[in-house]
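Undergrad: Mind folding the following:
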Amino acid sequence: MTDSATHCWWSLFRTIGNVTVLHIDLTPHAQHEASALLWLHENELEDSCNYVHLSARRRFVLCRGALRAILCGNLGCDNERLTFGEHRYGKPFALVDAIRAQISFNVSHSGSHGLIAVAPGGQLGVDVEELATRRDFDRLIEAAFGPNEQSELKLERVRGEFRLFFKLWTVKEALIKALGTGLSLDPAAFEAPEEIRRGETVGTFWFPQVPSVRWRVVDIGNEEFAAALAFAV
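TA: Numbering: from 1, shown residues only. Below is the predicted model:
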């Protein structure tokens, strides 16, 4: 990879235990996009051409290019040796020379912001949502949240606030992504940790379906976006 491909559009965002979270700048930037394209393999370049909207294509290119660069840096391998496999529900994992690599990662993006979480191993998930008003708040609250969450969110809606919606949404998404079951798990079937719903930034969680695994959930949002990290402990 040449020096021209090393213009970073990502930066360290948070380090929590052995998990590193990096922020990906997804704003339009010709040099960043050109550098990211140099990291993509042929099949990924073909995939990028299938996006109808330029903004969606830009987010894919910048996130995938950054992911490749970050994983290669952590694994100490050339980009040509790095490929990806998928678990049953589509969660990707890294391969080096077609052998499963000892690294865990997860990617999320929304609007101008992307997050990539990386750890030496274990299950983890990250989710980010740019803060914005939505017309379908009420429908989503009824479809994706449990009884206690719905009561708390509806009270906040009466006050004209929406921050809690995105906070709980990203927490539940991060947990589902960490578990790796995708949409096969109904998000309304469990509730975010009570500590998080009370306003604390760290909570502990057990899936009712998998009570043997304990999860740490961390609210990592800021003034621009809501975000959460979940990992098995």
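Undergrad: pLDDT (mean, whole number) over stretch 129-146?
TA: Averaging pLDDT along stretch 129-146 yields 85.
Undergrad: Provide the contact partners of that stretch at residue level.
TA: 110-113, 149-150, 153-154, 157, 162-163, 165-166, 168-170, 172, 187-191, 224-227 (C-beta atoms under 8 Å, 6 or more residues apart in numbering). For every residue, glycine as well, the C-beta is placed using N, CA and C.
Undergrad: rerun that using 10 Å as the cut-off
TA: Identification of contacts with stretch 129-146 by C-beta atoms under 10 Å, 6 or more residues apart in numbering yields 26, 108-113, 149-154, 156-157, 162-163, 165-170, 172-173, 186-192, 221-228.
Undergrad: Buried ones in it, by neighbour count?
TA: With burial defined by 16 or more other C-beta atoms under 10 Å, the residues of stretch 129-146 counted as buried are Glu129, Leu131, Ile141, Ala144, Phe145.
Undergrad: which residues of the protein score low on pLDDT?
TA: For the chain, the stretches flagged by pLDDT under 70 are 1-6, 133-135, 160.
Undergrad: hmm, try it at 50
TA: 1-5 (pLDDT under 50).
Undergrad: ranges for the helices of the protein?
TA: Assigned helices in the chain, in chain order: 30-39, 42-48, 54-75, 137-144, 147-158, 163-179, 194-197 (criterion: DSSP state H).
Undergrad: any idea of the angle the longest one forms with helix 30-39?
TA: Meaning helix 54-75. 60 degrees (axes from the mean of the first three to the mean of the last three C-alpha atoms, to 10 degrees).
Undergrad: Which positions in helix 54-75 come out as buried?
TA: 57-72, 74.
Undergrad: and what of stretch 95-111?
TA: Applying 16+ other C-beta under 10 Å to stretch 95-111 flags Val96, Ala101, Ile103, Ser104, Phe105, Asn106, Val107, Ser108, His109, Ser110, Gly111 as buried.
Undergrad: Take the residues you listed and lay them out in CSV including distance to Arg14.
TA: Listed next are the buried residues of stretch 95-111 as CSV, based on distance: C-beta to C-beta, whole Å:
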residue, distance to Arg14
Val96, 26
Ala101, 23
Ile103, 18
Ser104, 16
Phe105, 15
Asn106, 14
Val107, 15
Ser108, 14
His109, 16
Ser110, 17
Gly111, 19
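Undergrad: my guess is Arg64 meets Ser48, correct?
TA: Yes - between Arg64 and Ser48 a contact is recorded at 8.0 Å, counting by C-beta atoms under 10 Å.
Undergrad: shared neighbours, those two?
TA: Counting by C-beta under 10 Å, 6+ apart, the common neighbours of Arg64 and Ser48 are Ala36, Leu37, Leu40.
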